[in-house]
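Participant: fold the following for me, if possible:
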Amino acid sequence: MDGRAILHVDMDAFYASVEQLDNPALRGKPLIVGGTSGRGVVAAASYEVRRFGVRSAMPIGRALQLCPEAICVRPRMARYKEVSRQVFSILQQFTPLVEGLSLDEAFLDVTGSRALHGDAVSIAHILKQRIFDETGLRASVGVAPNKLVAKIASDLDKPDGLTVITTESLPDALDPLPIRRLPGLGRKKGDAVIAAGITTLGALRSAPEAALRGLFGRDSRRMRERAAGIDSRPVIADSAEKSISAEETFAADLSGAAPLRAELLPLADRVATRLRARGLTTTCISIKIRRHDFATFTRQRTFSPATDDSQHIAALACRLLDAWLRDAPQARLRLLGVGASELSPSAQPDLFDAAPQPGTQRLDATIDSIRHRFGSGSLSRASSLAGRAKRPFTA
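Facilitator: Okay, here's the model as predicted:
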């Protein structure tokens, strides 16, 4: 393979595979990792349960209807992060250009590694074996001239697959693929594209411009290029966190400004606490809202100067929620989330900045210290206690 050599490494059913690795009694069984009540969602599904139509992000209740004998276990994020660190340590032994997308997924640019480790396909074979030898888990790998095609390729022969798509084989490999294989298309947009009679990547690549403009607007040229496997994005190695978030799925749907604000406040506090623990500040706060019918909305606001102050972050999140509720005051919600992005290292604030007051900084520091010593649940802010609902699942 001449030119760029990009790998997409995707761990197979990662959370479920870790659970089956740690507990041999779960191997070969239909396994769901996620909320263990009917209000939870599927975080990961083993291949044994996927045969019944169970998939990630599906409500647990629906998953158990499809496969009543499925075994449900709660997520163990600390364990998944530990295994993820092992996997990424292996990847970084082959190239410094490793771009992590999640705990179980990464792009690698091995263009400059071929002289030392062999061609890209050989590197992919070695990586897969090393991951299995050192973790006991399987990975699927796509090898291609760019990130987009490598990601498509890694999903074509799961589990434990290795798919190679070269520049020369691009049309033959991509054209017959269903339109749903195009990363980033989205379910609703995919439905619209299929309804327009465009069902394959080849059909999208060769569709009349007028048809694409009606579907994608100004984005029509980029979508045609993506269907043709054109992607010039570099693999960017960065270890910095891009966002920090917390969310809750409620035991029963909630409505009303006061109960929802009461749920939002501890989420904002959790995000702010995580920011301070990592020595970070934010200039962008967002909220995630999921209605009872699973329609999901996000709202965000940027601001200056950067902050890690719990009260400030909570106030911003509540304003976003209040603004959304003005258009849907009776909405019943099953999930709320708060996120912080546009992160940067904490710095000494300018004397003239509208920064948090010293009193709030001391309060945050005191609360953080108590929680660090006695546990995260040892102390709660009074503002977050009134009217809170009980919830079985936290993320």
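
Participant: ranges for the helices of the stretch 51-200 of the chain?
Facilitator: 60-66, 77-91, 114-117, 120-135, 147-154, 170-174, 187-195 (DSSP state H, counting those that start in this stretch).

Participant: how about Leu26: what's its closest non-neighbour residue?
Facilitator: Gln20 (4.6 Å; C-beta to C-beta, 6 or more residues apart in numbering). In short, each C-beta sits where N, CA and C put it, glycine included.

Participant: no wait, Ser245
Facilitator: Nearest residue to Ser245, sequence neighbours excluded (C-beta to C-beta, 6+ apart): Gly339, at 3.7 Å.

Participant: hang on, that neighbour in a helix?
Facilitator: No: with DSSP: H, G, I helix; E, B strand; the rest coil as the criterion, Gly339 is assigned strand and is not in a helix.

Participant: check what pLDDT it gets.
Facilitator: Here the pLDDT value assigned to Gly339 is 95.

Participant: over to Val54?
Facilitator: Looking at Val54, its pLDDT is 96.

Participant: and it, what does it touch?
Facilitator: Going by C-beta atoms under 8 Å, 6 or more residues apart in numbering, Val54 touches Pro30, Ile32, Val42, Ala45, Ala63, Leu66, Cys67, Ala70.

Participant: and it, how far from Leu335?
Facilitator: 20 Å (C-beta to C-beta, to the nearest Å).

Participant: ok so, going back, out of the helices of the stretch 51-200 of the chain, deepest packed?
Facilitator: Most buried of the helices of the stretch 51-200 of the chain by mean neighbour count (mean count of other C-beta atoms under 10 Å) is helix 147-154; its value is a mean of 25.

Participant: which other residues reach that one?
Facilitator: Outside helix 147-154, the residues that touch it by C-beta under 8 Å, 6+ apart are 6-10, 107, 140-144, 161, 163-165, 170, 173-174, 177, 181-183, 226, 229-231, 233, 235.

Participant: helix, strand, or coil at the residue nearest to Leu26?
Facilitator: The three-state label given to Gln20 by three-state DSSP is helix.

Participant: and it, what's its pLDDT?
Facilitator: 97.

Participant: that one contacts Arg27, doesn't it?
Facilitator: Yes: contact criterion C-beta atoms under 8 Å: Gln20 and Arg27 qualify, at 4.7 Å.

Participant: neighbour count for those two, which is higher?
Facilitator: Gln20 (23 against 13; other C-beta atoms under 10 Å).

Participant: do you know how far the more buried one is from Asp133?
Facilitator: 18 Å.

Participant: mind listing what the residue nearest to Leu26 touches?
Facilitator: Contacts here follow C-beta under 8 Å, 6+ apart; on that basis Gln20 touches Leu26, Arg27, Lys29, Leu31, Ser46.

Participant: quick one, which of those are buried?
Facilitator: Neighbour counting with 16 or more other C-beta atoms under 10 Å marks Leu26, Lys29, Leu31, Ser46 as buried within the contacts of Gln20.

Participant: low-confidence stretches in this protein?
Facilitator: Along the chain, segments meeting pLDDT under 70 span 1-2, 36-39, 238-241, 347-395.

Participant: quickly note the distance from the residue positioned nearest the centre of it to Arg274.
Facilitator: The chain has Ser102 as the residue nearest its centroid, 6.2 Å off, counting by C-alpha atoms, centre = their mean. In this view, Ser102 and Arg274 are 18 Å apart by C-beta to C-beta.

Participant: do the same with Thr111
Facilitator: Thr111 is 36 Å from Arg274, by C-beta to C-beta.

Participant: cool, and Arg221?
Facilitator: 40 Å.

Participant: who has more neighbours, these two?
Facilitator: Taking neighbours as other C-beta under 10 Å, Arg221 and Arg274 compare with Arg274 leading, 16 against 12.

Participant: how about the contacts made by the more buried one?
Facilitator: So Arg274 contacts Ile244, Ala246 (C-beta under 8 Å, 6+ apart).

Participant: measure the residue nearest to the centre of the chain to Ser310 for me?
Facilitator: Distance, Ser102 to Ser310, using C-beta to C-beta: 27 Å.

Participant: what does Val164 give?
Facilitator: In this view, Val164 and Ser310 are 50 Å apart by C-beta to C-beta.

Participant: quick check, Val87 in contact with Phe132.
Facilitator: No: using C-beta under 8 Å, Val87 is not in contact with Phe132; the gap is 10.7 Å.

Participant: hey, what's in contact with both of the two?
Facilitator: Common contacts of Val87 and Phe132, defined by C-beta under 8 Å, 6+ apart, comprise Ala139.

Participant: which residues in the stretch 201-350 of the chain form helices?
Facilitator: Going by DSSP H, counting those that start in this stretch, the stretch 201-350 of the chain shows helices at 201-206, 209-216, 220-227, 257-277, 310-327.

Participant: in JSON lines, list those along with distance to Ser122.
Facilitator: As requested, the helices of the stretch 201-350 of the chain are exported to JSON lines (distance: least, C-beta to C-beta, whole Å):
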{"stretch": "helix 201-206", "distance to Ser122": "28"}
{"stretch": "helix 209-216", "distance to Ser122": "39"}
{"stretch": "helix 220-227", "distance to Ser122": "28"}
{"stretch": "helix 257-277", "distance to Ser122": "41"}
{"stretch": "helix 310-327", "distance to Ser122": "48"}
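
Participant: nearest spatial neighbour of Ser286, chain-adjacent residues omitted?
Facilitator: Using C-beta to C-beta, 6+ apart and skipping residues adjacent in sequence, the residue nearest Ser286 is Gln300, 3.6 Å away.

Participant: could you give the number of residues near that neighbour?
Facilitator: The number of residues packed near Gln300 is 15, by other C-beta under 10 Å.

Participant: contacting residues around it?
Facilitator: By C-beta under 8 Å, 6+ apart, the contact set of Gln300 is Cys284, Ile285, Ser286, Ile287, Leu320, Gly339, Ser341.

Participant: and the furthest pair within those residues?
Facilitator: Put simply, by C-beta to C-beta the two of those set farthest apart are Leu320 and Ser341, 13.4 Å from each other.
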